[in-house]
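sequence below, structure please.
(chains A, B, C and D)
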Protein chains: 2
Amino acid sequence: MGATKTTLFTRQQNDIANMAKALAHPARIAILQYLVKKNACVCGDLVEELGLAQATTSQHLKELKNAGIIQGTIEGVSICYCINPAVWKQYRELFNSFFKDVTLAGNKCC
Amino acid sequence: MGATKTTLFTRQQNDIANMAKALAHPARIAILQYLVKKNACVCGDLVEELGLAQATTSQHLKELKNAGIIQGTIEGVSICYCINPAVWKQYRELFNSFFKDVTLAGNKCC
DNA sequence: ATGTATTATTGCAATATTGCGATGATTGAA
DNA sequence: TTCAATCATCGCAATATTGCAATAATACAT
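Residues are numbered from 1 along each chain as shown, chains lettered A, B, ... in the order given. Model prediction:
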């Protein structure tokens, strides 16, 4: 087929995978880092910053917005994007809990 | 075109994105969680555990191996997989540093 | 109303991912 | 050697992602 079989997995597993997917492109990482640094920006800033076409940049913004990790508000003729702190925190904590619960001490592999 | 323009981004941005991509499928999350819980397992265990075909399971294992986060050693007629603790730690720290440096306090968005 | 600036959406082509059956490679046992 | 067990790889089909030009939508001027 070719479509991910989400029903085979738990809600949490799908959640983590979806979060990871939102971060699985360097442009989206760059956008988030830029937003963290500048606190807020408009799409035009990112088109210059990234070097991607406006349509492509807009699409990455859309995916980040769908994932909930950023939010945009209309600011006159342009749209101001910024991190959604609550979701950002959620991401961090979910990844944290995923990575934490492994005891690297007793790794007696095979 | 349709291929990610990696040259536009920094090494670190591509690294984080690649790490995220390795985690961007619920089956791979499930594999890692299972490995964390059981410490080690063979491919056949995962075929039962996941409910995916053997070929598909093997392919997900290959991607995790390519990402470096797991390692496999020949164990008689089967292959024993386990977490690579050093790379696991690296993943954790890279994500940690990515998520940490945002001051959620002063989010005066737009 | 008309024009300009900014962002979103559409439509398309190129590439990547997902999934599986079939086949191949390797190991250990009979 | 022959067989069964186990995992990897190949080849294919279906779906998803990436990227961009062109166009639409929106807001604010004039």
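
what packs against the top helix by length along chain A?
The residue-count maximum for a helix in chain A (DSSP state H) belongs to helix A:85-100. Applying 3 or more CB pairs under 8 Å, 6 or more residues apart in numbering or on different chains; DSSP states H and E, one finds that helix A:85-100 contacts helix A:11-22, helix B:85-100. Just so you know, the C-beta spots here come from the backbone N, C-alpha and C atoms, and that holds for glycine as well.

which one of these lies nearest to DNA strand D?
helix A:11-22 (5.9 Å; CB to the nearest atom of the strand).

and DNA strand C, is the closest one touching that?
No - Helix A:11-22 does not reach DNA strand C (CB under 7 Å from any atom of the strand); its nearest approach is 7.9 Å.

touching that helix from outside, list them.
Helix A:11-22 is contacted from outside by A:6, A:9, A:28, A:63-64, A:67, A:69, A:91, A:94-95, A:98, B:20-26, B:28-30, B:33, using CB atoms under 8 Å, 6 or more residues apart in numbering or on different chains.

could you point out which element follows that helix?
Per DSSP states H and E, the first helix or strand lying C-terminal to helix A:11-22 is helix A:26-38.

is the following helix or strand past that next one positioned near DNA strand D?
Next helix or strand after helix A:26-38 toward the C-terminus (DSSP H and E): strand A:41-42. No - Strand A:41-42 lies out of reach of DNA strand D by CB under 7 Å from any atom of the strand, never closer than 12.6 Å.

avg pLDDT for strand A:41-42?
Regarding strand A:41-42, the rounded mean pLDDT is 94.

mind checking how far the helix or strand following it is from the chain centre?
Going down the chain from strand A:41-42, the next helix or strand is helix A:43-50, by DSSP H and E. How far helix A:43-50 lies from its chain's middle: 17 Å, per CA atoms, centre = their mean, to the nearest Å.

how about the next helix or strand after helix A:43-50 against DNA strand C, any contact?
Sequence-wise, the next helix or strand downstream of helix A:43-50 (DSSP H and E) is helix A:54-66. Yes - counting by CB under 7 Å from any atom of the strand, DNA strand C has neighbours in helix A:54-66: A:Gln54, A:Ala55, A:Ser58, A:Gln59, A:Leu61, A:Lys62.
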